[in-house]
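Peer 1: sequence and computational prediction follow.
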Amino acid sequence: METLLYKNTQISYTDNGKGTAVVMLHGFLENKTMWDVYVSELSKKNRIITIDLLGHGETESLGYIQTMEENADVVHAVLSKLKIRKAILVGHSMGGYVSLAFAELYPEKMKGLVLLNSTSKEDSSERKKNRDRAIKAVKKDYETFIRLSIANLFSEDNREKLIKKIEEVKIQALKTPLQGIVASLEGMKIRKDREFLLHTTTYPKLLILGKKDPVLNYEENLEQIKGTHIELVTFGDGHMSSIENREELLAVLSSFIKNNLKHSFF
């Protein structure tokens, strides 16, 4: 684990392997340890960077609202420190929102983009209300909020089947401080719509969705890539493809990175 000071805030990240730079960004209530299995495999042929986003894992919180843009600036600060000119960004859920913010702010740094169980669309008005409800709920009963939130990310079929794995995710989630949770919910609520990036940028892009995702409606999320050449991969499970579809996801990411290198214009 390495650290960087950004606006007097300690940022935690890892840097493993050599080759194509790939930045892996976790989702809400997760941290960089979610990628451990992937890092050990992908770093055999690539340079894999994982970062704890603001208020998650071993990265400190920064303010009452942690915007996707602020998180993108953190990613940029890490890449600058590591002297990485271009990278493929892989973002799970909230990590996808941060990847899109980074893609808009630093287009010259983009080599490829993978949205994993994520969307380029902004929150609907109903979703924004749900964020406010979540803020009230976590302030009222922190532990119950986290335990329910994590279980609800998996497809119903997997909640019994993967009970041990779900417990491990909950243990990691319970390390997320209240300030980090609230600030991230506020940041996700006000994030802008970035669907235009999927239609106007030329680097390779991949969208990975779960057919039974309880958080993101599958059909609605297909809409964002209509009329694009974006590659789509669909798994038959929930929002946690990194756990529910581990082997398949590893194969998909390996293939995307390899093809990106082969067809790179840069």
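Peer 2: The structure has been received and is ready for your questions.
Peer 1: so, low pLDDT: which residues of the chain?
Peer 2: Low-confidence segments of the chain, defined by pLDDT under 70, span residues 261-266.
Peer 1: which residue ranges of it form strands?
Peer 2: Using DSSP state E, the strands found in the chain span residues 2-6, 9-16, 21-25, 47-51, 87-92, 110-116, 205-210, 231-235.
Peer 1: show me how far the last one is from its chain's centre.
Peer 2: The gap between the average C-alpha position of strand 231-235 and the chain average comes to 16 Å, counting by Cα atoms, centre = their mean, to the nearest Å.
Peer 1: list the buried residues in it.
Peer 2: Across strand 231-235, burial judged by 16 or more other Cβ atoms under 10 Å covers 231, 233, 235. No exception for glycine: its C-beta is placed from N, CA and C like everyone else's.
Peer 1: who's in contact with the last one?
Peer 2: Just to be clear, that refers to residue 235. With contact taken as Cβ atoms under 8 Å, 6 or more residues apart in numbering, residue 235 is in contact with 208, 209, 210, 211, 241, 244, 245, 248, 249.
Peer 1: possible to save those residues as TSV with neighbour count and distance to residue 123?
Peer 2: Output for the contacts of residue 235, formatted as TSV (neighbours: other Cβ atoms under 10 Å; distance: Cβ to Cβ, whole Å):
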residue	neighbour count	distance to residue 123
208	25	20
209	23	18
210	25	19
211	12	22
241	23	21
244	25	24
245	20	26
248	15	29
249	21	25
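Peer 1: widest-spaced pair of these?
Peer 2: 211 and 249 (14.2 Å; Cβ to Cβ).
Peer 1: so where do the helices sit in the protein?
Peer 2: Assigned by DSSP state H, the chain shows helices spanning 36-42, 68-81, 94-105, 125-140, 142-151, 158-161, 163-173, 178-189, 195-200, 218-222, 241-244, 246-262.
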